[in-house]
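Colleague: Next comes the sequence, and after it the predicted model I'd like to discuss.
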2 protein chains.
Amino acid sequence: MAVARRAVRDPERTQRRILDAARRIFATRGIDGARVDAIAARAGTNKRMIYHYFGSKDGLFRAVLRQRLADRTPTSTPARVGPERLADLQDRLASEPDYVRLLMWEALERGRRRPLEEEEARRAVLAEWVDVVRAAQADGDLPADLDPAQLVLTELGVALVPLAFPQLARLLTGRVPDDPEFLAERRTFLLRLAAAIDRAVPAGGRA
Amino acid sequence: MAVARRAVRDPERTQRRILDAARRIFATRGIDGARVDAIAARAGTNKRMIYHYFGSKDGLFRAVLRQRLADRTPTSTPARVGPERLADLQDRLASEPDYVRLLMWEALERGRRRPLEEEEARRAVLAEWVDVVRAAQADGDLPADLDPAQLVLTELGVALVPLAFPQLARLLTGRVPDDPEFLAERRTFLLRLAAAIDRAVPAGGRA
DNA sequence: GCGGGAAGTAACTATTTGGTTACTTTCCGG
DNA sequence: CCGGAAAGTAACCAAATAGTTACTTCCCGC
């Protein structure tokens, strides 16, 4: 009986539920398409609480971006090199569909808005990734004539395209990126592509 | 004096102006963010005319997609192979910023909507591109172990990323893709990347 | 055990916004 | 040259929606 009847008056839980609901709805509908009432309903709370905790629809959107794009994002453990790096990156991205869509909404709806949410933290994560690539180039595991930052951007793009542009994936392959078979096929492709890039290292690699 | 006072009552011009205004506004704001009145104002006409010619906001959006994504798109003359193909594709995409954004809005706002606007025409364009790649593979100009459709999707993605995700480009390189210097730098990178991929062809090429 | 503030609710509003109605003006084929 | 249809306009409307006001309920430090 003393099992702490966790129900009424739990501000943290309420905030969490609002953020979860907002993430899903913003990811599917975007900031303009999302309805504050719908978010409140999905969170099982009242619209007023959203304004209580986040001030405005935009404030809520920023909070979602902060929570989703900064911490524990698919790109926050990217420090991978080796032939499976592209395939693994795709799988990580595919496992968090909200992430890609939020990234797109951020690009479209807050385009020139500067600074970004959690700009410094995100920059740091990417910079670390660039460092790993640079080190791999020094070791002869990646072509050294390719600018490392551009290479990171490119490999992100390679893993991202089908998820960001499912129409194109479907027009080209007849399958949609949700389809496990699509992902499996592309995984094979990405393994070979990574191998091809690595193979392009001019001189002999390490040892 | 007989120079045909082209002003009042010119339905074609009106439709064209509406479409132009709509393309720009939809590209920047998306379907939910766009205001029908704003489009009418920018077109120098009345909101009623939009409904007269296009039936609804959604109908107008579809018309824009049809006009923009089907004909004379940057991807409609892609049948290029060779070391400059990636750099040229990027330049073509960069010269039509509306195109990339409309592609993103299409992905986000009409996601599972099937069929796409002008689906068959677009599929045909891409299929032709895939054929060109397949032929290049047969000639030994491109690695033959890479699925051609996946390769086309990938190269599109490579050229698209910085334009679609300018935040990431900025976080990684400190520059924004509008910046001519960014494009120049990435052009160099893309030339080398294409060369690296080509170089990965296992056996000796043609001749 | 009480009082003040935070958590929560519900009903309201001011505005915005797709979409329409009702009307006038121009064009052009017969 | 005229009559009907298309082009164009302006004022209007109902629904939706972000944000508030005004209120009640609960928690917890003192």
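Modeller: Thanks, I have it. The shown structure was predicted, so the numbers you read here are calculated from the model rather than taken from an experiment. Numbers count the residues shown, from 1 in each chain, chains lettered A, B, ... in the order given.
Colleague: which stretches of chain A have low pLDDT?
Modeller: A:1-7, A:70-79, A:202-207 (pLDDT under 70).
Colleague: domains for it, by residue range?
Modeller: Structurally, chain A divides into domains by automatic domain parsing as follows: A:10-61, A:71-199.
Colleague: so which of those gets nearest B:Asp98?
Modeller: domain A:71-199 (12.3 Å; C-beta to C-beta). (C-beta placed from N, C-alpha, C; glycine too.)
Colleague: Does DNA strand C have contacts with that closest one?
Modeller: No. Taking C-beta under 7 Å from any atom of the strand as the criterion, domain A:71-199 and DNA strand C are apart, separated by no less than 14.2 Å.
Colleague: Now do that domain: distance to the chain's middle.
Modeller: 9 Å (C-alpha atoms, centre = their mean, to the nearest Å).
Colleague: Spell out whether that domain and DNA strand D are in contact.
Modeller: No. Applying C-beta under 7 Å from any atom of the strand, one finds domain A:71-199 separated from DNA strand D by no less than 13.5 Å.
Colleague: follow-up on the earlier one: could you dump the domains of chain A to a markdown table with mean neighbour count?
Modeller: Formatted as a markdown table, those follow (neighbours: other C-beta atoms under 10 Å in any protein chain shown):
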| stretch | mean neighbour count |
| --- | --- |
| domain A:10-61 | 17 |
| domain A:71-199 | 19 |
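Colleague: looking at those, which is closest to B:Leu126?
Modeller: If we rank those by C-beta to C-beta, the stretch that ends up nearest is domain A:71-199, at 5.3 Å.
Colleague: and the longest helix along chain A, does that touch chain B?
Modeller: Determined from DSSP state H, the single longest helix within chain A is helix A:11-33. Yes. Helix A:11-33 reaches chain B (C-beta under 8 Å from any C-beta of the partner chain) through A:Arg29, A:Gly30, A:Asp32, A:Gly33.
Colleague: Going along the chain, name the helices of chain A.
Modeller: A:11-33, A:36-42, A:47-54, A:57-65, A:85-94, A:97-109, A:119-138, A:148-164, A:166-173, A:180-199.
Colleague: Can you check which of the ones you listed gets nearest to B:Leu116?
Modeller: So among those, helix A:166-173 is nearest, using C-beta to C-beta, at 5.7 Å.
Colleague: Which neighbouring elements make contact with that closest one?
Modeller: helix A:148-164, helix A:180-199, helix B:97-109, helix B:119-138, helix B:148-164 (3 or more C-beta pairs under 8 Å, 6 or more residues apart in numbering or on different chains; DSSP states H and E).
Colleague: centroid residue for chain A?
Modeller: A:Tyr99 (3.8 Å; C-alpha atoms, centre = their mean).
Colleague: from what I can see that residue touches A:Leu69, true?
Modeller: Yes. The pair formed by A:Tyr99 and A:Leu69 meets the contact definition of C-beta atoms under 8 Å, at 7.5 Å.
Colleague: intersection of neighbour lists for these two?
Modeller: Between them, A:Tyr99 and A:Leu69 share no contacting residue under C-beta atoms under 8 Å, 6 or more residues apart in numbering or on different chains.
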